[in-house]
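Participant: What shape does this take:
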Amino acid sequence: MTGVGAWIRYGEPLLPGQLEFAVEHYRAAILQPWETDAAAELKRRRPDMTVLCYKCLSSTRSYEPGPVYTSGVSFAEAESVDEGAWFARRLDGTRIEWERYPGHWQMRVWDPAYQRRWVENVVDDLRDSPFDGVMADNDVFDDYYGLDLPIDGATEMLNLRSALDDLVQAAGTALNGAGKLLVPNIAESRREPGRWQAHAAYGGGFEEVWLGYGAEQLFDPVTAEAQLPQATGPGLSILRVPTDGDDRHPNLTYGLSAFWIFGAGRGAYAATGHDDYSRTQHVPELDWQLGRPVTEPTGRNHAWWREFEDGFAAVNFNADGRRRRRVRVPAGLVDAAGVPAPSWVVLPPRRGILFRRAA
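Facilitator: Predicted structure coming up:
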């Protein structure tokens, strides 16, 4: 049986051997929408794998040659409609190119005609596709790309969030009707009660910054714990923890232990560097199956642990270096190197551990 890993893979072109590795190690994959042959091969060899294609809800990209695009509405199509009426514009009438992402142009996501065309195009793309559905990126919450509101048609980010509520609902309903999933990249849902559940209702949700913004920018324990319900769905929860790009970075097991404690091994998990979506990230612990839980998540002072039929996980969400936590470990377990687990472990802040049943 394969593990719990998510292959977030919408960067550079696929490399030799990556598909074979994915078949052996991943539960879910996100590919570029034109990588249909790769999607078909994954589904042929691993029909249980959830394979999604990338589509952006909020922008179109002027650098893409086509005929398949990462946006629901291509740059050329957007330009052809009513003299570019679907492009968002500043108050002086100029189009808005995203900061740090050249060639990405903000769209008028609140325009009902844009929403309808986005849904129509994406459903047409997916209808006879090997992909199981769409990972819809940039279901934004705040201004991450230098929109600098107010702009023409939107005075505050609440306008964009409300519009994306409508677009996600319309797209999810239509894709589900075509037998496909919608899994949005739901930004900062912890800040709006019910947002994750509503936007993940059509197949699942992707949390790109689970437990932290960056490798050295992990959340305080209260913020981290506000994200934990995402591990339980609805649908497929894809949870990505930030690292510096090194697969042995301690944030990987920090997040993976929380993934098991609060999700019981459901969903899919990844730990990557910023925009590091061209590799096959992996550590042996991603392949582990800890089995069914035999206890509920148990916690004290922002440290949590849980026992499973075939393993054990513990995590310490505290940020203060003085707040170490001592946790008892069940007998008969080993670490990734096969070394017997101790009876007790002392977890430093922002660290997690996993042990499994000895073979």
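Participant: Tell me who's in contact with the nearest residue to Val122 once chain neighbours are set aside.
Facilitator: Using Cβ to Cβ, 6 or more residues apart in numbering and skipping the chain neighbours, the partner closest in space to Val122 is Gly72 (4.8 Å). Using the backbone N, CA and C atoms, a C-beta is placed for each residue, glycine as well. By Cβ atoms under 8 Å, 6 or more residues apart in numbering, Gly72 lies in contact with Lys55, Cys56, Leu57, Arg117, Trp118, Val119, Asn121, Val122.
Participant: which residue of the protein sits farthest from its center?
Facilitator: Asp92 (35.5 Å; Cα atoms, centre = their mean).
Participant: what's the longest helix in this structure?
Facilitator: In the chain, taking DSSP state H as the definition, the longest helix is helix 157-177.
Participant: okay, now Leu149: neighbour count?
Facilitator: The tally of other residues near Leu149 (other Cβ atoms under 10 Å) stands at 14.
Participant: With pLDDT, secondary structure and distance to Arg300 added, can I get the contacts of Gly72 in a markdown table?
Facilitator: Compiled in a markdown table, the contacts of Gly72 are given as follows (pLDDT from 0 to 100; DSSP: H, G, I helix; E, B strand; the rest coil; distance: Cβ to Cβ, whole Å):
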| residue | pLDDT | secondary structure | distance to Arg300 |
| --- | --- | --- | --- |
| Lys55 | 98 | strand | 43 |
| Cys56 | 98 | strand | 42 |
| Leu57 | 98 | coil | 40 |
| Arg117 | 98 | helix | 52 |
| Trp118 | 98 | helix | 47 |
| Val119 | 98 | helix | 47 |
| Asn121 | 98 | helix | 51 |
| Val122 | 98 | helix | 46 |
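Participant: Among those, which one lies nearest to Leu14?
Facilitator: Lys55 (18.3 Å; Cβ to Cβ).
Participant: and the nearest residue to that closest one once chain neighbours are set aside, helix, strand or coil?
Facilitator: Nearest in space to Lys55, with sequence neighbours left out and distances taken as Cβ to Cβ, 6+ apart, is Val134 at 5.0 Å. What DSSP: H, G, I helix; E, B strand; the rest coil gives for Val134 is strand.
Participant: Show me the beta-bridge partners of Val134.
Facilitator: Cys53, Leu182 (DSSP bridges).
Participant: where does it land on pLDDT?
Facilitator: Looking at Val134, its pLDDT stands at 98.
Participant: for Asp320, same thing?
Facilitator: 83.
Participant: Kindly report the same for Gly311.
Facilitator: 98.
Participant: Excluding chain neighbours, what is closest to it?
Facilitator: Nearest to Gly311 is Leu290, by Cβ to Cβ, 6+ apart, at 3.4 Å.
Participant: quick one: the residue nearest to Lys55 from Ala29, how far?
Facilitator: Separation of Val134 from Ala29 (Cβ to Cβ, to the nearest Å): 13 Å.
Participant: got any residues that touch both of these two?
Facilitator: Shared contacts of Val134 and Ala29, defined by Cβ under 8 Å, 6+ apart, are found at Leu52.
Participant: What helix or strand is the residue nearest the centre of the chain located in?
Facilitator: Residue closest to the average C-alpha location in the chain (Cα atoms, centre = their mean): Phe206, at 3.0 Å. Under the criterion of DSSP states H and E, Phe206 resides in strand 204-207.
Participant: what packs against that strand?
Facilitator: Contact analysis of strand 204-207 by 3 or more Cβ pairs under 8 Å, 6 or more residues apart in numbering; DSSP states H and E lists strand 181-186, strand 236-242 as its packing neighbours.
Participant: Give me the contacts around whatever helix or strand comes next after the first one.
Facilitator: Pointing back at strand 181-186 there. Later in the chain than strand 181-186, the nearest helix or strand by DSSP H and E is helix 195-199. Contact partners of helix 195-199, identified using Cβ under 8 Å, 6+ apart, comprise Asp139, Asp165, Val168, Gln169, Pro184, Ile186, Ser189, Arg190, Gly205, Pro229, Gln230, Pro234.
Participant: again, 7 Å this time
Facilitator: Outside helix 195-199, the residues that touch it by Cβ atoms under 7 Å, 6 or more residues apart in numbering are Asp139, Val168, Pro184, Ile186, Ser189, Gly205, Gln230, Pro234.
Participant: who wins for neighbours among those residues?
Facilitator: Neighbour max across those (other Cβ under 10 Å) = Gly205, 30 neighbours.
Participant: returning to what we had before: between the contacts of helix 195-199, which is nearest Asp82?
Facilitator: Closest approach between the contacts of helix 195-199 and Asp82, by Cβ to Cβ: Val168, at 24.4 Å.
Participant: Can you report how many residues neighbour the nearest residue to Arg292 once chain neighbours are set aside?
Facilitator: Counting by Cβ to Cβ, 6+ apart, Arg292 lies nearest to Glu309, which is 5.1 Å off, once chain neighbours are set aside. Counted with other Cβ under 10 Å, residues neighbouring Glu309 total 11.
Participant: The one 4 residues further on now?
Facilitator: Taking other Cβ under 10 Å as the neighbour definition, Ala313 ends up with a count of 30.
Participant: neighbouring strands for the strand or helix carrying it, and are they parallel or not?
Facilitator: Secondary-structure assignment from DSSP H and E places Ala313 in strand 311-316. Using DSSP bridges, the strands paired with strand 311-316 are strand 303-308 (antiparallel), strand 351-357 (antiparallel).
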